[in-house]
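Peer 1: I need the structure of the sequence given here:
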Amino acid sequence: RAAPPRPRSPFPGTLDLSRQPPMALAPPPPRGGVPRQSLPPGALDLSMGRVPQQRSVPGQQNLNSNMSHVAGAQASGSWNGAFMSWVRNRSFYPRQAAENGDDGEVMVQVVIERSGRVRSVELRRRSGSMFLDMGLQSIFRNQTVPPFTPDMEGDTMTMNFTMRYILLYR
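Peer 2: Take a look at the predicted model:
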């Protein structure tokens, strides 16, 4: 009789070096993960794997609530949209954090020049995971975000940006 096949690892490229027999039941959810039903409104989904489409709910928190203006140029609505699109295209869930079951909220302060060049990134609130903290900083460090729109006054903008990293499981 052949042994039942081992469940596939959710992390491609990992090797199972255990000497234990295959588990009969699904492994427990990662520590710190939350069920899919309890995603906070407005959170950027950086989960690993397929997630059902979320419907828009009246009064739901806007994704731009991840940003708060600190000083300098005031962001226009069109710039906010371009900036959030830029962030979504570059966001990722750090592999080491996912493997450790880490999730949490990180805040960085970003100084942006009119041309879109990111002048500085400073960690303002830690998540408790150095991988998540470094992951958010790496999205902005030495990058160029969308340039200011003509209606935005000032040469620089300082903003606080918060990312909520949420592990999902079934």
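Peer 1: can you list contacts of stretch 147-158?
Peer 2: 69-76, 78-79, 109-116, 119 (Cβ atoms under 8 Å, 6 or more residues apart in numbering). C-beta coordinates here come from the backbone N, C-alpha and C atoms, glycine included.
Peer 1: which among the residues you listed end up buried?
Peer 2: G72, A73, A75, W79, Q109, V110, V111, I112, E113, G116 (16 or more other Cβ atoms under 10 Å).
Peer 1: Now that we have those, can you turn them into CSV and tack on distance to A97 and secondary structure?
Peer 2: Converted to CSV, the buried ones among the contacts of stretch 147-158 look like this (distance: Cβ to Cβ, whole Å; DSSP: H, G, I helix; E, B strand; the rest coil):
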residue, distance to A97, secondary structure
G72, 31, strand
A73, 33, coil
A75, 29, coil
W79, 30, helix
Q109, 21, strand
V110, 21, strand
V111, 26, strand
I112, 26, strand
E113, 30, strand
G116, 28, coil
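Peer 1: sec struct for the closest residue to A82 other than its chain neighbours, please.
Peer 2: Ranked by Cβ to Cβ, 6 or more residues apart in numbering and with sequence neighbours excluded, the top spatial neighbour of A82 is P146, at 4.0 Å. Classification of P146 using DSSP: H, G, I helix; E, B strand; the rest coil returns coil.
Peer 1: ok, now which ones touch P146?
Peer 2: W79, A82, F83, W86, G116.
Peer 1: And the residues you listed, which is closest to G101?
Peer 2: W86 (28.8 Å; Cβ to Cβ).
Peer 1: Q137: what secondary structure?
Peer 2: helix.
Peer 1: who touches it in this structure?
Peer 2: V108, V121, L123.
Peer 1: Can you show me the CA trace of the host helix or strand of M157 as PDB?
Peer 2: Taking DSSP states H and E as the definition, M157 sits inside strand 156-165. C-alpha atoms of strand 156-165 as PDB (Å, rounded to 0.1, in the frame of the first residue of the first chain):
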ATOM      1  CA  THR A 156       8.500  68.500  -1.100                       C
ATOM      2  CA  MET A 157       5.800  66.500   0.700                       C
ATOM      3  CA  THR A 158       6.300  64.600   4.000                       C
ATOM      4  CA  MET A 159       3.700  61.900   4.700                       C
ATOM      5  CA  ASN A 160       3.200  59.000   7.100                       C
ATOM      6  CA  PHE A 161       2.300  55.800   5.300                       C
ATOM      7  CA  THR A 162       0.900  52.800   7.200                       C
ATOM      8  CA  MET A 163       0.800  49.300   5.800                       C
ATOM      9  CA  ARG A 164      -1.300  46.500   7.400                       C
ATOM     10  CA  TYR A 165       0.200  43.100   6.800                       C
END
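Peer 1: This completes my enquiry, with thanks.
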